[in-house]
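Participant: Show me how the following folds:
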Amino acid sequence: MSPRLTTLIAVLALSACSGSEKPAAPSREDWVLESHVAFLAADGKTPRPALAQGLRLWVPYVVGDIYGAPNAGELAPVKFNADLSFVLDLNKSHDDLAKVLVPTDFSQKWMIIEPAAARIARLSPFVLPVDGIAPVGVAEWLDADTGTKLMLVYLDRPARIRGEIVHEGRNLRFDIEAKEAGYLWIQQPEGSGVFRKATWPGHVILAVMPNS
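Facilitator: A predicted model of the protein is given here:
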């Protein structure tokens, strides 16, 4: 076989392999969250002094549910800057998240998801001491402009979450519809009210409030 023919065969084989590879998912700018920690009182509004000790951020996932302890680890480690600001790039964890998703099985049995095959995960951040594992408070996402309490969830396909319950004097209802797969912010009511899809916020704060 001539050297020229050998080279041509090698080039064609390489092209065939390249053509069969799955293209990388496009990076989404809105999935890059620039945020910072704010220490607030239990009302979620009044500032309180920041802790003097060294802190670290841990961002695992709850998969198959919205509530409960994390059951999937941190897929893309995030580090604090000196002022407790940080950048959370959800694009980095996207492929690994798809691998750890499990069938949805809400612990709150009054909640349902349609279609039933849709899989969900909630990003559940914790602020911890550098050398400890006990959270320094309850961490919640807040819309920086409105102060609305938010949760960040991922759905692997278009889906709707529904449910209603009266609990401790509160009438709570879920009515969340995702038009496409991906991350979405959910607005959490302070008292009675509806959990619904929120407009993607321009900026979010990770508020740390005292443990109850």
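Participant: Going by C-alpha atoms from here, please, whenever you check contacts or count neighbours.
Facilitator: Noted.
Participant: Quick check: buried residues in stretch 87-97?
Facilitator: Going by neighbour count (16 or more other Cα atoms under 10 Å), the buried part of stretch 87-97 is Leu88, Asp89, Leu90, Asn91, His94, Leu97.
Participant: what residues are up against the residue sitting nearest the centre point of the chain?
Facilitator: Nearest residue to the geometric centre of the chain (Cα atoms, centre = their mean): Leu123, 3.1 Å. Taking Cα atoms under 8 Å, 6 or more residues apart in numbering, we find Leu123 in contact with Val59, Pro60, Tyr61, Val62, Met151, Leu152, Val153, Tyr154.
Participant: tell me the least confident of the buried residues of stretch 87-97?
Facilitator: Within the buried residues of stretch 87-97, pLDDT reaches its minimum at His94, with 91.
Participant: ok, now which ones touch that residue?
Facilitator: With contact set as Cα under 8 Å, 6+ apart, His94 has no partners.
Participant: Start the count at 826 instead of 1 going forward.
Facilitator: Understood, numbering begins at 826; the last thing we discussed is His919.
Participant: how about it, phi and psi?
Facilitator: phi -60, psi -50 (degrees, to the nearest 10).
Participant: got it, and the one 3 residues further on?
Facilitator: Main-chain torsions, Leu922, degrees, to the nearest 10: phi -60, psi -40.
Participant: What separation do you get for it and Gly1016?
Facilitator: According to Cα to Cα, to the nearest Å, Leu922 stands 32 Å off from Gly1016.
Participant: Just after the lowest-mean-pLDDT helix or strand in the chain, pick out the following helix or strand.
Facilitator: Confidence across the helices and strands of the chain bottoms out at helix 828-845, with a mean of 40, counting by mean pLDDT, DSSP states H and E. Of the helices and strands lying after helix 828-845 in sequence (DSSP states H and E), the nearest is strand 857-864.
Participant: how distant is the following helix or strand past that following strand from the center of its chain?
Facilitator: Using DSSP H and E, the helix or strand that follows strand 857-864 in sequence is strand 880-883. When distances are taken as Cα atoms, centre = their mean, to the nearest Å, strand 880-883 is centred 16 Å away from the chain's centroid.
Participant: partners of Arg985 in the sheet?
Facilitator: Per DSSP bridges, the residues bridged to Arg985 are Glu939, Glu1002.
Participant: Okay, and the beta partners of the nearest residue to Ala969 once chain neighbours are set aside?
Facilitator: The shortest distance from Ala969 to any non-neighbouring residue, by Cα to Cα, 6 or more residues apart in numbering, is to Val1029 (5.0 Å). Taking DSSP bridges, one finds Asp968 as the beta-bridge partners of Val1029.
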